[in-house]
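> coordinates only, sequence not included:
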């Protein structure tokens with residue numbers, strides 16, 4: 001994806017830069033949410049034009065974030081990756097400028113000291129590795145890769161036999177384990193002075209979100225606790241890709257109630273440009289107010 005989609009935000013002394021792999025992908029809302037429809041989307045005019053097409057279909061982006069603190073360079077998730085075979089054709093054999101975009105962001109791969117995966121779905125672990133001379137090798141050789149222990153306890157039960165739904169375990173996880181670069185962490189892990197994790201389970205068993213705090217400012221990178229801003233208004237609509245649908249709905253509802261009408265900046269991991277904003281009261285409901293440039 002071209003570098004024009006890159007964007008950076010500052011939270012105190014921390015800089016977060018968006019690295020986009022697939023921008024403004026269109027799907028019916030029903031693909032993501034049970035009960036999703038164009039009619040439902042059109043009930044919320046604040047979703048247009050950034051997060052929905054004029055017809056009421058969903059816009060969604062596949063991206064990750066590189067975080068610069070005064071003394072650290074941290075990758076939050078690693079997208080889909082080049083040269084892969086995945087279940088959905090749109091993700092097959094991707095050829096993007098991901099590595100060049102990291103350099104443009106001032107964080108070439110050798111400078112990254114930590115890779116943190118909010119969970120282990122294929123679109124959050126892909127660039128953990130890259131193909132070199134036909135072999136999958138760690139993309140970030142100087143980094144420790146942080147995988148949730150609870151999350152891995154689930155995924156390690158899935159057969160690593162190259163089947164459709166588990167291919168990412170073969171090409172994006174196992175090479176990290178083989179290189180002994182993985183650390184298994186708990187849901188409340190403190191990544192740095194500025195970054196800590198907190199559990200947001202349901203989408204996957206060990207899913208976490210990231211809290212950033214620096215110089216009196218705060219932000220949260222959601223991961224897949226929510227995929228689209230309509231879930232702020234409709235947190236209890238089950239997600240089709242959530243492993244525990246009831247729990248993910250409750251997690252989302254609790255999150256919105258905790259951070260609604262606060263100064264905490266929300267960075268949506270799949271939210272299209274402008275990606276960041278605040279949860280605010282909208283009459284008897286909630287909405288996403290985007291952060292203007």
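Looks like it arrived, so ask away. Nothing here was measured: the structure is a model prediction, and the numbers come from that model. Numbering: from 1, shown residues only.
> alpha carbons only for contacts and neighbour counts from here, please
Will do.
> from residue 271, how far out is the closest residue to residue 208 other than its chain neighbours?
Taking C-alpha to C-alpha, 6 or more residues apart in numbering as the measure, residue 208 lies nearest to residue 199, with 4.5 Å between them; neighbours along the chain are not counted. Taking C-alpha to C-alpha, to the nearest Å as the criterion, residue 199 is separated from residue 271 by 20 Å.
> more crowded one of these two?
Set side by side, residue 199 and residue 271 show more neighbours around residue 271, with 23 against 18, by other C-alpha atoms under 10 Å.
> if I read this right, the more buried one contacts residue 58, doesn't it?
No - the pair residue 271 and residue 58 does not pass the contact test of C-alpha atoms under 8 Å, sitting 10.5 Å apart.
> shared neighbours, those two?
residue 51 (C-alpha atoms under 8 Å, 6 or more residues apart in numbering).
> which residues of the stretch 51-200 of the chain fall in strands?
58-68, 73-76, 114-116, 129-132, 135-138, 144-148, 182-185, 195-199 (DSSP state E, counting those that start in this stretch).
> residue 88: what's it in contact with?
Residue 88 sits next to no residue when contact means C-alpha under 8 Å, 6+ apart.
> can you give me the helices in the chain?
With DSSP state H, the ranges of helices along the chain come out as 29-32, 38-41, 98-104, 149-155, 167-168, 174-178, 230-233, 245-259.
> nearest to residue 17, out of the ones you listed?
Residue 17 sits nearest to helix 98-104 of all the helices of the chain, at 9.1 Å, using C-alpha to C-alpha.
> mind checking the pLDDT average for the closest one?
Averaging pLDDT along helix 98-104 gives 97.
> before we move on, the earlier item: out of the helices of the chain, which gets nearest to residue 186?
helix 149-155 (6.0 Å).
> same for that closest one, what does it pack against?
The elements that helix 149-155 packs onto, with contact taken as 3 or more C-alpha pairs under 8 Å, 6 or more residues apart in numbering; DSSP states H and E, are strand 182-185.
> so how far is stretch 45-57 off the chain centroid?
Relative to the centre of its chain, stretch 45-57 is centred 21 Å away, using C-alpha atoms, centre = their mean, to the nearest Å.
> typo on my end, it should be stretch 123-135
Mean C-alpha position of stretch 123-135 versus that of the full chain (C-alpha atoms, centre = their mean) differs by 17 Å.
> quick one: buried residues of that stretch?
123-131 (16 or more other C-alpha atoms under 10 Å).
> over to stretch 233-245?
Neighbour-count burial for stretch 233-245 [16+ other C-alpha under 10 Å]: 233-239, 242, 244-245.
> give me every residue that touches residue 259.
Under the criterion of C-alpha under 8 Å, 6+ apart, the contact list for residue 259 reads residue 279.
> can you check the one 3 residues further on too?
Listed by C-alpha under 8 Å, 6+ apart, the contact partners of residue 262 are 278-280.
> among the buried residues of stretch 233-245, which pair sits farthest apart?
Using C-alpha to C-alpha, the two most remote members of those are 233 and 244, lying 20.0 Å apart.
> returning to that earlier point: now the contacts of residue 262 as TSV including neighbour count?
Written out in TSV, the entries for the contacts of residue 262 read as follows (neighbours: other C-alpha atoms under 10 Å):
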residue	neighbour count
278	20
279	24
280	19
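> of those, closest to residue 94?
For residue 94, the closest of the contacts of residue 262 turns out to be residue 278, at 32.5 Å, with distances computed as C-alpha to C-alpha.
> so what sits opposite that closest one in the bridge?
The partner list for residue 278 in beta bridges (DSSP bridges) reads residue 289.
> likewise residue 63?
Judged by DSSP bridges, the bridge partners of residue 63 are residue 20.
> is it true that it touches residue 269?
Yes - under the criterion of C-alpha under 8 Å, residue 63 makes contact with residue 269 at 6.6 Å.
> hang on, the earlier thing: put together TSV for the buried residues of stretch 233-245, with distance to residue 52 and pLDDT on each row.
Compiled in TSV, the buried residues of stretch 233-245 are given as follows (distance: C-alpha to C-alpha, whole Å; pLDDT from 0 to 100):
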residue	distance to residue 52	pLDDT
233	14	98
234	15	98
235	17	98
236	20	98
237	17	98
238	19	98
239	17	98
242	22	97
244	26	98
245	23	98
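> residue 33: which of the residues you listed is nearest?
Here the nearest of these to residue 33, counting by C-alpha to C-alpha, is residue 239; it sits at 4.6 Å.
> quick check: closest non-adjacent residue to the closest one.
The shortest distance from residue 239 to any non-neighbouring residue, by C-alpha to C-alpha, 6+ apart, is to residue 33 (4.6 Å).
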